[in-house]
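> just coords:
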Ligand SMILES: *Cc1c(COP(=O)(O)O)cnc(C)c1O
């Protein structure tokens, strides 16, 4: 086994253990490999271990990798903050966008997604623990946003995404409570199936609280070196 196979197996094993401890089925939690700052040859090597879903934060870096790896069957997720002037590229090139926190952003993504493409999967980012510096809508606005965004034709609203402060495990439970509470507002409630939470440092706690998708970078690829960017 090469190094990436080893780290991926370790992460999958941690996920399985966390599911077992929580009495959850391991098939309910998927692994998003966060490949930001790692070059496309590393992504290709991770792909060779069987990984298909990859997450990126920086648009230009992501577009370069998407182009370089277009022959691979990768499901690309954008997990960075979504600015208005980026929506066109996101709608064209990604399968998922996790950082939607305003109606106008969802509306632009829906308008810019081609009808010939599958609907763009989106998650609503919520500032679940009221951090000053954080992106994300406020928890009080979620019900209304779900009601309106779920009616847009070319996006499929799948759930919530949160990035709580480190060690704030209560925030994961709060996110799960909110996730369940707003489901009736969704125009197509069967689409509401994704709770994107948990990273390298807090995966087990997020899974215990009900995460369905963990976003893991460091535990898979090692520490990031931002000086190379
Ligand atoms: C970078 C990043 C991750 C991965 O974090 P690690 O601690 O490296 O696992 C997950 N989610 C988001 C939104 C990120 O920006």
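That came in fine, so what should we check first? Since we're looking at a predicted model, the values are computed, not measured.
> May I ask which helix or strand encompasses the residue nearest the centre of the chain?
Among the residues of the chain, the one closest to the centroid is residue 98, at 4.7 Å (Cα atoms, centre = their mean). Under the criterion of DSSP states H and E, residue 98 resides in strand 96-100.
> What distance do you get for the residue nearest to the centre of the chain to the ligand?
7 Å (Cβ to the nearest ligand atom, to the nearest Å). (Each C-beta comes from the backbone N, C-alpha and C, glycine too.)
> Repeat that for residue 84.
Per Cβ to the nearest ligand atom, residue 84 is found 19 Å from the ligand.
> In this structure that residue contacts residue 109, no?
No - between residue 84 and residue 109 there is no contact, the gap being 10.4 Å when judged by Cβ atoms under 8 Å.
> Which of those two has more residues huddled nearby?
Remark: of residue 84 and residue 109, residue 109 carries more neighbours, 25 against 10, as counted by other Cβ atoms under 10 Å.
> From residue 21, how far off is the more buried one?
Distance of residue 109 to residue 21, computed by Cβ to Cβ, to the nearest Å: 37 Å.
> go on, residue 89?
From residue 89 over to residue 21 the distance is 40 Å, taken as Cβ to Cβ.
> Any part of stretch 38-57 near the ligand?
Yes - using Cβ under 6 Å from any ligand atom, we find that stretch 38-57 touches the ligand at residue 57.
> end to end, how far does that stretch reach?
Distance between the two ends of stretch 38-57: 11 Å, counting by Cα to Cα, to the nearest Å.
> For it, what is the distance to the chain centroid?
When distances are taken as Cα atoms, centre = their mean, to the nearest Å, stretch 38-57 is centred 15 Å away from the chain's centroid.
> Over to stretch 80-94?
14 Å.
> and it, which residues are buried?
Of all the residues in stretch 80-94, those buried under the rule 16 or more other Cβ atoms under 10 Å are 80, 81, 82, 86, 87, 89, 90, 91, 94.
> Keep only those of the residues you listed that are in helices.
Among the buried residues of stretch 80-94, the ones falling in helices (DSSP state H) are 87, 89, 90, 91.
> Just after the helix or strand harbouring residue 55, pick out the following helix or strand.
Per DSSP H and E, residue 55 falls inside strand 53-56. Downstream of strand 53-56, the first helix or strand assigned by DSSP H and E is helix 59-68.
> buried residues in the longest helix belonging to the chain?
What stands out as the longest helix in the chain, according to DSSP H, is helix 3-22. For helix 3-22, a neighbour-count test (16+ other Cβ under 10 Å) marks 4, 7, 8, 11, 14, 15, 18, 19, 22 as buried.
> can you map out the strands along the chain?
Taking DSSP state E, the strands of the chain run over residues 30-34, 53-56, 75-78, 96-100, 120-125, 155-161, 194-196, 213-216.
> circling back: pick out the most distant pair among the buried residues of stretch 80-94.
Spatially, the most separated pair among the buried residues of stretch 80-94 is 81 and 91, at 16.0 Å (Cβ to Cβ).
> hmm, back to that, now render the strands of the chain as CSV, adding mean pLDDT.
Output for the strands of the chain, formatted as CSV (pLDDT from 0 to 100):
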stretch, mean pLDDT
strand 30-34, 98
strand 53-56, 98
strand 75-78, 98
strand 96-100, 98
strand 120-125, 98
strand 155-161, 98
strand 194-196, 98
strand 213-216, 98
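> quick one: low-confidence parts of this structure?
Across the chain, the ranges flagged by pLDDT under 70 are 228-229.
> Show me which residues of it are close to the ligand?
So the chain meets the ligand at 34, 36, 57, 79, 163, 199-201, 215-219 (Cβ under 6 Å from any ligand atom).
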